[in-house]
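J.: Generate coordinates for the sequence data below:
(one chain, ligands or ions: 2)
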Amino acid sequence: MDDRYYMNVAIDLAGKAAGQTSPNPVVGSVVVKDGEIVGFGAHLKAGEAHAEVHAIRMAGEKVIGSTVYVTLEPCSHHGRTPPCSDLLISSQVKRVVIASVDPNPLVAGSGIKKLKSAGIIVDVGVCEAEALALNDVFFHYIKTKKPYVTLKTASSLDGKTATYTKDSKWITGEEARMDVHRYRHRHDAILVGVGTVIADDPSLTTRLPNGGKNPVRIILDTHLRTPIDARVLTDEEAPTWIITGARADEKKIEALINQQVKVMKLPTEEIKIDNLLTLLGDRGITSLFVEGGATVNGSFLEAGAINQVITYIAPKLIGGALAPTMIGGSGFRSMGVSMNLTIKDITMIGQDIKIISVPL
Ligand SMILES: Nc1c(/N=C/[C@@H](O)[C@H](O)[C@H](O)COP(=O)(O)O)[nH]c(=O)[nH]c1=O
Ligand SMILES: [Zn+2]
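T.: Ligands and ions are numbered 1, 2, ... in the order given. Have a look, this model is predicted:
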């Protein structure tokens, strides 16, 4: 088989661990000897073995003189595990095929240099686009030190997210709502505004049949209006960070803090999304799932802080000039300055449509 075939096996393996490896990238690796796959592996959890280590361990003796495919440049620095480039050299590998170079400017290219100076044949760029797409979150975070932001909205055919009486249970069906929980599992944090907490008293936890990781729950609450008995404050299911303004009342802050709740003040009285993202990035949040409501969605849109949009549209009509829509705020004044995106994927999920789009 050709290089692309084996690299696609490595890419498929890497993608299966999506959401588990944060803050590390997902990486896959395949060892091939005399046209036979003799080992493969994926990085499963930060701090544990890298993909190449799993693959080489499975290959055993057959790794000698083999070709190793890996979706990201092998590491060359001592992180929490010894460098994979050293392991590839000591395993007497003949050739290494790499899909994408490490985006971290500190290490970019050094793994490749090390392998070449040890006499290993190195080819770079096989299936590069597919490999880069695996780690759009990781690359974004490495470059900006801010979380990759996914905005998720769910609405009726006529764009409503609830009736004018604020009833919203449910708009999308079971399958689409289950899909949302898979995104929650894969994200470091989920964010809603205090309006959603007051209206829905959401738990914002990941409820999948086989369990799943709960994201940190971020509540934007400038004036500390989160009800003291809200589930996100009392259910002991996941950490909750309340983000408030510089002038927030210290007594109210004291009343909200408990072992699962932290209150964090931003430097300005009103919440600025850029300051929020810096604060979250500094605390190691690499991916942020914004579930609204409309006001919060509007502030992310106006801040130009959206990296991906997941839209679920249900075959329902709600109507009502006062019924809420997906994005509030003041909005753009003219089409010339409105946000343009490209649709990457459209699928039916149960009775609903799911659209994935990214800004141009
Ligand atoms: N009304 C709907 C949604 N509503 C989304 C938010 O308004 C809800 O408060 C939040 O998902 C509740 O989180 P939970 O308590 O953890 O279940 N989102 C959806 O995808 N479809 C809907 O029909
Ligand atoms: Zn490594």
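J.: Kindly check the end-to-end length of stretch 34-52 for me.
T.: One end of stretch 34-52 sits 19 Å from the other (CA to CA, to the nearest Å).
J.: Would you mind naming what in the stretch 1-150 of the chain lies close to ligand 2?
T.: 50, 75, 84 (CB under 5 Å from the ion). C-beta here means a position set from N, CA and C on the backbone, and glycine is covered the same way.
J.: Just among the residues you listed, which is most surrounded?
T.: Counting neighbours by other CB atoms under 10 Å, the top entry in those is residue 84, with 29 neighbours.
J.: surely residue 160 meets residue 324?
T.: Yes: Residue 160 is within contact range of residue 324, at 6.7 Å (criterion: CB atoms under 8 Å).
J.: and residue 71, how many residues sit next to it?
T.: 33.
J.: Take the residues of the stretch 1-150 of the chain next to ligand 2 and keep only those in helices.
T.: residue 84 (DSSP state H).
J.: where does the residue nearest to the spatial centre of the chain land on pLDDT?
T.: Central residue of the chain (CA atoms, centre = their mean): residue 287, 3.9 Å from the mean position. pLDDT, residue 287: 97.
J.: Report the contact partners of it.
T.: Residue 287 is in contact with 22, 137, 141, 147-148, 150, 186-189, counting by CB atoms under 8 Å, 6 or more residues apart in numbering.
J.: pLDDT check: weakest of these?
T.: Note: of the contacts of residue 287, the lowest pLDDT belongs to residue 22, at 90.
J.: Go ahead and confirm it touches residue 213.
T.: No: taking contacts as CB under 8 Å, residue 22 lies outside contact range of residue 213: 9.1 Å.
J.: okay, those two: which has more neighbours?
T.: Just comparing residue 22 and residue 213: by other CB under 10 Å the higher neighbour count belongs to residue 22, 21 against 16.
J.: any idea how far the more buried one is from residue 36?
T.: Computed as CB to CB, to the nearest Å, the residue 22 to residue 36 distance reads 34 Å.
J.: and what of residue 327?
T.: Separation of residue 327 from residue 36 (CB to CB): 53 Å.
J.: Excluding chain neighbours, what is closest to the closest residue to ligand 2 within the stretch 251-360 of the chain?
T.: Residue nearest to ligand 2 within the stretch 251-360 of the chain: residue 286 (18.1 Å; CB to the ion). Nearest residue to residue 286 in three dimensions, chain neighbours excluded: residue 141, at 4.1 Å (CB to CB, 6 or more residues apart in numbering).
J.: what's near enough to touch the one you found?
T.: So residue 141 contacts 23, 147-148, 281, 286-287 (CB under 8 Å, 6+ apart).
J.: name the element it belongs to?
T.: Per DSSP states H and E, residue 141 falls inside helix 136-144.
J.: With just CA atoms, put that helix into CSV.
T.: Extracted as CSV, the C-alpha positions of helix 136-144 are listed here (Å, rounded to 0.1, in the frame of the first residue of the first chain):
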residue,chain,number,x,y,z
ASP,A,136,-7.3,22.6,15.2
VAL,A,137,-7.9,23.1,18.9
PHE,A,138,-4.3,22.3,19.9
PHE,A,139,-2.7,24.4,17.2
HIS,A,140,-5.0,27.3,18.0
TYR,A,141,-4.1,27.1,21.7
ILE,A,142,-0.4,26.8,21.1
LYS,A,143,-0.4,29.9,18.8
THR,A,144,-2.8,32.1,20.8
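J.: Give the buried residues for it.
T.: With burial defined by 16 or more other CB atoms under 10 Å, the residues of helix 136-144 counted as buried are 137-142.
J.: show me the contacts for residue 151.
T.: Contacts here follow CB under 8 Å, 6+ apart; on that basis residue 151 touches 290, 297, 300-301, 306, 308-310.
J.: Among those residues, which one sits closest to ligand 1?
T.: Closest to ligand 1 out of the contacts of residue 151 is residue 310 (9.4 Å), distances taken as CB to the nearest ligand atom.
J.: hang on, that closest one packs against residue 354?
T.: Yes: the pair residue 310 and residue 354 passes the contact test of CB under 8 Å, sitting 7.0 Å apart.
J.: sec struct for the nearest residue in space to residue 166 that is not next to it in sequence, please.
T.: Closest residue to residue 166 apart from its sequence neighbours, by CB to CB, 6+ apart: residue 199 at 5.6 Å. Assigned by DSSP: H, G, I helix; E, B strand; the rest coil, the conformation of residue 199 is helix.
J.: again, but for residue 329
T.: Judged by three-state DSSP, the three-state class of residue 329 is coil.
J.: tell me the contacts of it?
T.: Contact analysis of residue 329 by CB under 8 Å, 6+ apart lists 294-295, 297-299, 301-302.
J.: got the residues of the stretch 101-250 of the chain near ligand 1?
T.: Proximity of the stretch 101-250 of the chain to ligand 1 (CB under 6 Å from any ligand atom) is limited to residues 154, 168-172, 176-177, 180, 196, 200, 202-205.
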